[in-house]
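A.B. asks: I would like the atomic coordinates for the input below:
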Amino acid sequence: MRQKRAKAYKKLMSLYSMTFGFRQPYQVLVDSEMCKAAIDHKIELVKQLGTVLLGEVKPMITQCCIHELYLQGKSQQPAVDLAKTFERRKCNHREAIPGDDCLVSVVGDTNKHRYVIATQSQPLRSKLRTVPAVPIVHVNRTVMVLEPPSDLTIETKQAMEEKAMQPKAADLTLVGPSTAAEPPRKKKGPKGPNPLSVKKKKKPIEVSTPKAKVKGKLAGQKSDAERMPAKAGEKRKRDDDDVHDAKPTDVLGEAVSRPTKKRRRRKPVEVPTDTNS
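C.D. replies: Prediction:
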């Protein structure tokens, strides 16, 4: 149950903060009945308020509510001591009035100061439900509870959302009546060809020859049929290339000079002389 309550309280406080501008620390107005309930149930009021509202709190009390505690005698002295620890909120009442009427006057018709009311008074809670955006906290037995938003609060929220969705007058003047009413018409004219149906230009086909064939042609090499040996009984035909004087060529067909060999001179043969003669 604690987790469910925590999720529900988180949604409620996000509604109040996003729609109505509530900010931390939350200003909590405490009445005299809440101070008495905190003493009777031994509740740490400030800590429990922070847990319920899921944020930092700033407890406040009016002089009229403290005066109510004074009128109840010494039996409520612990509640008076607790009330004195809170910040004093000026209510501008020269003479003390009942606490419920004091809080209603402080909240006003719109709760422009964004107060959270912590009270145990049932008549006060019913009056505050007629004011939009007023979070109400009370103690149920020993558990502090944040009440769900009233119907007027939900209606006010929906009205604010609808107002925010509507265009402003300045936007309408910038747009203009003619452009806003009628969209611009497209001009009719000849249309270009469909790019998908147009044939692409054919590129010229490049004939690629193998490197081996190019080298063979450039070097003047013979084909495989020419290289076949002659059959038996047939003489091998001599080509013009098989000339002794033909010079070898390189890959590009240029003549290459063949290195000349130096001829060795023959030594004169010595004729043996006959010594006996």
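A.B. asks: CA only for contacts and neighbour counts going forward, please
C.D. replies: OK.
A.B. asks: so where's the stretch 151-277 of the chain shaky on pLDDT?
C.D. replies: 168-182, 207-262, 267-277 (pLDDT under 70).
A.B. asks: hey, where'd the helices end up in the protein?
C.D. replies: Remark: helices assigned in the chain by DSSP state H are 2-20, 32-40, 45-53, 63-71, 77-84, 99-107, 122-128, 151-165, 169-175, 177-181, 211-219, 224-227.
A.B. asks: in JSON lines: those helices, plus mean neighbour count and distance to V139.
C.D. replies: Converted to JSON lines, the helices of the chain look like this (neighbours: other C-alpha atoms under 10 Å; distance: least, C-alpha to C-alpha, whole Å):
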{"stretch": "helix 2-20", "mean neighbour count": "14", "distance to V139": "14"}
{"stretch": "helix 32-40", "mean neighbour count": "20", "distance to V139": "8"}
{"stretch": "helix 45-53", "mean neighbour count": "17", "distance to V139": "10"}
{"stretch": "helix 63-71", "mean neighbour count": "19", "distance to V139": "18"}
{"stretch": "helix 77-84", "mean neighbour count": "17", "distance to V139": "16"}
{"stretch": "helix 99-107", "mean neighbour count": "18", "distance to V139": "17"}
{"stretch": "helix 122-128", "mean neighbour count": "14", "distance to V139": "11"}
{"stretch": "helix 151-165", "mean neighbour count": "13", "distance to V139": "22"}
{"stretch": "helix 169-175", "mean neighbour count": "10", "distance to V139": "48"}
{"stretch": "helix 177-181", "mean neighbour count": "10", "distance to V139": "56"}
{"stretch": "helix 211-219", "mean neighbour count": "13", "distance to V139": "100"}
{"stretch": "helix 224-227", "mean neighbour count": "8", "distance to V139": "112"}
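A.B. asks: H138: which of these is closest?
C.D. replies: With C-alpha to C-alpha, the closest approach to H138 among the helices of the chain belongs to helix 32-40: 7.6 Å.
A.B. asks: show residues contacting that closest one.
C.D. replies: Here helix 32-40 makes contact (C-alpha atoms under 8 Å, 6 or more residues apart in numbering) with 44-45, 65-66, 68-69, 76, 78-80, 82-83, 99, 118-121, 138-139.
A.B. asks: quick one, it and helix 77-84 angle?
C.D. replies: 120 degrees (axes from the mean of the first three to the mean of the last three C-alpha atoms, to 10 degrees).
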